[in-house]
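A.B. asks: test case, fold it:
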Amino acid sequence: MAATRNVAVLVGSLRKDSFNRKLAMALKTIAPAPLALEIVEIGQLPLYNQDDDANPPAASATFKKRIAESDAVLFVTPEYNRSVPGVLKNAIDIASRPYGKSAWDGKPGAVISVSPGAIGAFGANHHLRQSLVFLNVPTMTQPEAYIGGAGDLFDDHGAIKKPETKQFLEKFLAAFAHWIEKTAKTPG
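C.D. replies: The predicted structure is shown next:
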């Protein structure tokens, strides 16, 4: 049996009842045993400012440390204007700086994009992947996860009520667990 892998989950929406937050919470309940998913909050982060690199704000330093201590990262994001929400991009920038000291380097990753629309936030998913390539986050390529129709996805308790979507997400998480084992850096 594989060792427990601590996965930092970043939700790209700050809205309390966002579909992305609901999905992140639901994923925690269906994740296979080797994955321990924990949402790492990004709403409290100040805007990234390079002038702060030598002495970052406490919230930024704490966030970067949590990313560095995780075994992998999972992004669950909506799409804003065909791209990644600014708050998520800010979090990515904070943990990547100063240059050469990125907390993302070599950390296995995966992306799920969620939207009420039919294309499941395709644009945000792919823009995010571009940044992850630069940051050297080996991002799982298959299966891709574009979750559309989010307005009808959850029951009153936040559980995924569409069996085919739940089954797909279980397969996605199993593939991600395998991806982490395949790509994770070995200590030393």
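A.B. asks: return the distance of Ala177 relative to Lys22.
C.D. replies: Taking CB to CB, to the nearest Å as the measure, Ala177 and Lys22 are separated by 22 Å. All C-beta atoms are positioned from the backbone trio N, CA, C, and that covers glycine.
A.B. asks: if you could redo that for Ala145, that was the one I meant.
C.D. replies: Shown here: Ala145 relative to Lys22, a distance of 15 Å by CB to CB.
A.B. asks: check the secondary structure at the residue nearest the centre of the chain for me.
C.D. replies: Relative to the mean C-alpha position of the chain, the nearest C-alpha, by CA atoms, centre = their mean, is the one of Phe75, at 1.5 Å. For Phe75, the reduced secondary structure class is strand; criterion used: DSSP: H, G, I helix; E, B strand; the rest coil.
A.B. asks: residues contacting the nearest residue to it once chain neighbours are set aside?
C.D. replies: Leaving out its chain neighbours, the residue that sits closest to Phe75 by CB to CB, 6 or more residues apart in numbering is Val111, at 4.8 Å. Val111 makes contact with 74-75, 77, 125, 128-129, 132, 139-140, 145 under the criterion CB atoms under 8 Å, 6 or more residues apart in numbering.
A.B. asks: just give me the longest helix of this protein.
C.D. replies: As assigned by DSSP state H, the longest helix anywhere in the chain is helix 163-183.
A.B. asks: Ala145 and Lys22: who's more crowded?
C.D. replies: Of the pair Ala145 and Lys22, Ala145 is the one with more neighbours under other CB atoms under 10 Å, namely 24 against 20.
A.B. asks: ok, the more buried one - contacts?
C.D. replies: Counted by CB under 8 Å, 6+ apart, Ala145 has contacts 110-113, 120, 125, 168-169, 172.
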